[in-house]
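1. following is a predicted model, sequence given first.
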Amino acid sequence: MLAESLESGQPDATPVTVCDGGVDTVAFGDAAEAGHRMQYPRSWSLATLTAAFTLASPVVASASQQGLLPVVATAATASAAPAELAGLLAAQVRGAWDAFKRKDRVGYAKYLTDDFQAVEADGEGERSRLHVLGEVEHCMYTSYLLQLFQVQPLGSDYAFVTYESTMQFPRNAPLRYRRVFIGELWTRRSGEWKMMRYQETLVR
């Protein structure tokens, strides 16, 4: 079934889970058509989750001090409701994957903050925005499937997104399929949601 889904390239209605104060809300979107970058899959680790929330904790603390928590969705503040935000960010993730697969460096750059940093599953450590953009033209996967989306709002301008990606490579490649679990920190700057941090773990 997985091979058929990857080969067909047909959109797949995949649930997006919103983690909001301990209550899960589920929204649906196309998970098969996406756009992103990394060429390797991964397995979610506690260390990764801890690091991501450690990174985001000063943001949450600051938002709390300013009275921004809990998030209130109003037209004046342009704050999206949890389910609405989940759908928006899932669409952003898919757009980034699509741009990376098409080797569209300019298009992919639009999804990243200027201070973007990434850690991939190859063990080579942290990559800068410039380094990652240099990888776009070398994209090797031919299709992919994104699923298991979860979105955790972190104040009004930050959110932590996790999901799983399964990639298919050319028939003559040493490895035909790879799967990774991904964690991303997204931030809203000048009214636009962009990816600030990316980390993937290989799923065996």
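-> Structure's in. What do you need?

2. show me which residues of the host helix or strand of residue 196 are buried.
-> Using DSSP states H and E, residue 196 falls within strand 192-202. Buried residues in strand 192-202, counted by 16 or more other CB atoms under 10 Å: 193-202. (C-beta placed from N, C-alpha, C; glycine too.)

3. looking at those residues, which one is closest to residue 146?
-> Lowest distance from residue 146 to these (CB to CB) belongs to residue 200, with 12.4 Å.

4. in this protein, where is pLDDT below threshold?
-> Low-confidence segments of the chain, defined by pLDDT under 70, are located at 1-81.

5. how about the helices in it?
-> Along the chain, counting by DSSP state H, helices occupy 2-8, 46-65, 82-101, 105-109, 129-135.

6. who does the third one touch, helix- and strand-wise?
-> It refers to helix 82-101. Here helix 82-101 touches strand 13-20, strand 23-30, helix 105-109, strand 143-153, strand 158-168, strand 177-189, strand 192-202, going by 3 or more CB pairs under 8 Å, 6 or more residues apart in numbering; DSSP states H and E.

7. then the strand holding residue 196 to PDB, C-alphas only?
-> Extracted C-alpha coordinates of strand 192-202, given in PDB (Å, rounded to 0.1, in the frame of the first residue of the first chain):
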ATOM      1  CA  GLU A 192       4.000  35.200   7.600                       C
ATOM      2  CA  TRP A 193       4.600  31.800   9.100                       C
ATOM      3  CA  LYS A 194       8.100  30.500   8.400                       C
ATOM      4  CA  MET A 195      10.300  27.600   9.600                       C
ATOM      5  CA  MET A 196      12.900  28.600  12.100                       C
ATOM      6  CA  ARG A 197      14.300  25.100  13.200                       C
ATOM      7  CA  TYR A 198      14.200  21.600  11.600                       C
ATOM      8  CA  GLN A 199      15.300  18.300  13.100                       C
ATOM      9  CA  GLU A 200      14.800  14.800  11.800                       C
ATOM     10  CA  THR A 201      15.400  11.400  13.200                       C
ATOM     11  CA  LEU A 202      15.700   8.100  11.200                       C
END
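
8. that one packs against which elements?
-> helix 46-65, helix 82-101, strand 112-119, strand 177-189.

9. I'd like to know which elements the last one is packed against.
-> Applying 3+ CB pairs under 8 Å, 6+ apart, we find strand 177-189 packed against helix 2-8, helix 46-65, helix 82-101, strand 158-168, strand 192-202.
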